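Student: Quick one: sequence and predicted model below, then my questions.
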Amino acid sequence: MMEYSIQAQELTKTFGDFTAVDKITFSVSKGEIFGFLGANGAGKTTAIRMLCGLLRPSGGTAEIAGYDVYRQTEDIKRHIGYMSQKFSLYEDLTVAENIYFYGGIYGLKRKLIREKTAELLARLGLEEVKDQLIKSLPLGWKQKLAFSTAILHDPSIVFLDEPTGGVDPITRRQFWDLIYTAARAGTTVFVTTHYMDEAEYCDRVSIMVDGRIEAMGTPPELKAQFAAQDMDEVFVKLARPVAQ
Amino acid sequence: MNAIEIRKLSKAFGATQALKEINLSVREGELFGLIGPDGAGKTTLIRILATLMLADSGEATVLGHEVVKQYRKIRKILGYMPGRFSLYYDLSVQENIELFATLFGTSLAENYDLVKGIYAQIEPFKHRKAGALSGGMKQKLALSCALIHRPEILFLDEPTTGVDAVSRREFWDMLDSLKAHGITMLVSTPYMDEASRCERVALMQEGQVMQVDTPENLIKAFPRPLWEVKAADTYGLLQTLRAFPSRHSVHAFGDAVHYTDQDPELDPAKMKAHLMEQGLSAVEIQPIRANIEDCFMALMEQQPLHQPM
């Protein structure tokens, strides 16, 4: 049987008479890279907040790493990693302090944090800057480091909300190498992006329009379904009818 | 006269050199793009030109006016849309635009012909508070406010950052329509694909201008034959190409890999055979034209900055 990291059934969130997320149903398998796309205001952020146990759904069900989004939100938080473009690391702490802080938050033993820190700094080539403040580093380095700290506690799933926004094209690709490596090691990756070439790097993609998942499949399936050359064209065809 | 003239402009924030002796000219009536990732210096450059920040050294003029001594003149003829939404959230759409018009001693009615194409799209919501608008509508309001005093030159700092692919395209269509009014536009963006919407672009990285030209010329100047390679397993293909002894550059591009070889006479048939020997299936290889992102990466690799990993 397929092992699922995320299973959502008719998951819904309403704010007053506005339905932000409208009965979305999908599952993500363990180790899968799942691209969660949609136009601005389509409901992606609301959906992610429910999946992370930060926002109580109005209806439907969802299990994240086997935990229920209504009753087991603390368990969910312990078993997921999260990073976004806007917030990732503490600017006034050094590289090493940030890693230590995140390790501590997730309750890792000091010895393990030390080992993981050394391994992580070596892998990212950041040993020389380990005592520098985060704010002195280029964005690309920060984002790679933020990703690595988000999976420091070996979560079953990592949520990445526009992780590569504003990042230079070479670093953006190196970032995806980190994603692939994590996925091959069994971490499920749930990622949003506005770069449509990055949608092609996902195993499967869903596209939200007005709170609903309007399309879902592998990039080749979606391109065939919408008779499109690339994912950009798929996206435009789906989002155009509601675009302002 | 050039609309913008920049000579040896430098600016540091503490130990960070945000701009390193930048030289740049923007022609009158031009739609000019500053293309580069965060940290390239785009915002710093725009803020200095907008007379909101002082450079450490160097000179700059906007429509012939010196940015320090003649800042008042520049502020009258400049429209500026900052990166962060900077309108008043608690004022309605209409109140925001009237406020900006009044500040410049004009009115919406007087300039309606100029902003019409953009403002008409948000006019049905004119009583809605700016804070309650969608991202795309906020952008349209911000652009309308930046245009309300008929500026001769417009600075747009990352107007499309964080905006979805469809809305981005529509925003550039709006800028195209403004070109007809003869307004010079300086637009910054981290999205390489938007370079093609500009007449000329400066490719920027870590406070330096790597190259300035039309998108067409930048593409023509791509230094090597470029190959698009596909296989059933894209990630496997990427790894295999990276291990290729004669590789020059290997970059993932959607469902394909863009590849350049040290040998300009590379035989694609041989290459394909080699890849299939390595266990890859459905291998396709064909020569393609570079895009701006290819050019940007080639320049980054020519002028390596401190890239770890």
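Tutor: Yes, it's here.

Student: Report the central residue of chain B.
Tutor: B:T189 (2.7 Å; Cα atoms, centre = their mean).

Student: Distance check, that residue against A:H194.
Tutor: 12 Å (Cβ to Cβ, to the nearest Å). In short, each C-beta sits where N, CA and C put it, glycine included.

Student: Over to A:K44?
Tutor: 11 Å.

Student: Neighbours of A:E74, how many?
Tutor: 10 (other Cβ atoms under 10 Å in any protein chain shown).

Student: How about it, nearest residue that isn't a chain neighbour?
Tutor: Spatial nearest neighbour of A:E74, excluding adjacent residues (Cβ to Cβ, 6 or more residues apart in numbering or on different chains): A:G53 at 7.4 Å.

Student: so the one you found makes contact with A:T73?
Tutor: Yes - in terms of Cβ atoms under 8 Å, A:G53 counts as a neighbour of A:T73; the distance is 3.3 Å.

Student: burial count for residue 62?
Tutor: With no chain named, the answer covers chain A. As a burial measure, A:A62 scores 24 neighbours (other Cβ under 10 Å).

Student: actually chain B
Tutor: Counted by other Cβ under 10 Å, the residues lying close to B:V62 total 28.

Student: From B:C145, how far off is it?
Tutor: 20 Å.

Student: Next: B:L78.
Tutor: To B:C145, B:L78 is 13 Å away according to Cβ to Cβ.

Student: quick one, which of the two is more surrounded?
Tutor: B:C145 (26 against 21).

Student: hmm, back to that, how many residues are close by the residue nearest to A:E74?
Tutor: Neighbours of A:G53 (other Cβ under 10 Å): 23.

Student: related to what we said a few turns ago, touching both of A:G53 and A:T73, which residues are there?
Tutor: Shared contacts of A:G53 and A:T73, defined by Cβ atoms under 8 Å, 6 or more residues apart in numbering or on different chains, comprise A:Y67.

Student: Up against chain A, what does the stretch 151-300 of chain B have?
Tutor: B:161-170, B:190-192, B:205-206, B:234-235, B:251-255, B:293, B:296-297, B:300 (Cβ under 8 Å from any Cβ of the partner chain).

Student: if you look at these, which of them are in strands?
Tutor: Counted as lying in strands by DSSP state E, out of these, are B:Q205, B:H251, B:A252, B:F253.

Student: Pull up the per-residue confidence for the second one.
Tutor: If I follow you right, that is B:H251. B:H251 is assigned 96 on the pLDDT scale.

Student: so B:L141 sits in a strand?
Tutor: No - going by DSSP: H, G, I helix; E, B strand; the rest coil, the assignment for B:L141 is helix, not a strand.

Student: Contacts only, for the residue nearest to B:K42 when sequence neighbours are not counted.
Tutor: In space, and not counting its chain neighbours, B:K42 is closest to B:S188: 3.9 Å by Cβ to Cβ, 6+ apart. Residues near B:S188 by Cβ under 8 Å, 6+ apart: B:G33, B:L34, B:I35, B:G36, B:K42, B:T43, B:L45, B:I46, B:L156, B:D157, B:E158.

Student: Off-centre distance for the longest helix belonging to chain B?
Tutor: Counting by DSSP state H, the longest helix found in chain B is helix B:165-179. In terms of Cα atoms, centre = their mean, to the nearest Å, the centre of helix B:165-179 is found 13 Å from the chain centre.

Student: Packing partners of that helix?
Tutor: For helix B:165-179, the packing partners by 3 or more Cβ pairs under 8 Å, 6 or more residues apart in numbering or on different chains; DSSP states H and E come out as helix A:231-239, strand B:31-35, helix B:112-122, helix B:135-147, strand B:184-189.

Student: Give me the buried positions along the third one.
Tutor: Judged by neighbour count (16 or more other Cβ atoms under 10 Å in any protein chain shown), helix B:112-122 contains these buried residues: B:L114, B:V115, B:G117, B:I118, B:Y119, B:Q121, B:I122.

Student: So which of those reach chain A?
Tutor: Answer for the buried residues of helix B:112-122 near chain A (Cβ under 8 Å from any Cβ): B:Q121.

Student: Among the buried residues of helix B:112-122, which one sits closest to A:A150?
Tutor: When the buried residues of helix B:112-122 are compared for distance to A:A150 (Cβ to Cβ), B:I122 wins out at 37.8 Å.

Student: Pretty sure that closest one sits against B:K140.
Tutor: Yes - B:I122 lies in contact with B:K140 (Cβ under 8 Å); the separation is 5.0 Å.

Student: low-confidence ranges in chain A?
Tutor: Counting by pLDDT under 70, chain A contains low-confidence ranges at A:1-2, A:87, A:241-244.

Student: Can you identify each of the strands in it by residue range?
Tutor: Taking DSSP E, the strands of chain A run over residues A:4-15, A:18-29, A:33-38, A:59-64, A:67-68, A:80-84, A:157-161, A:188-192, A:204-209, A:212-217.
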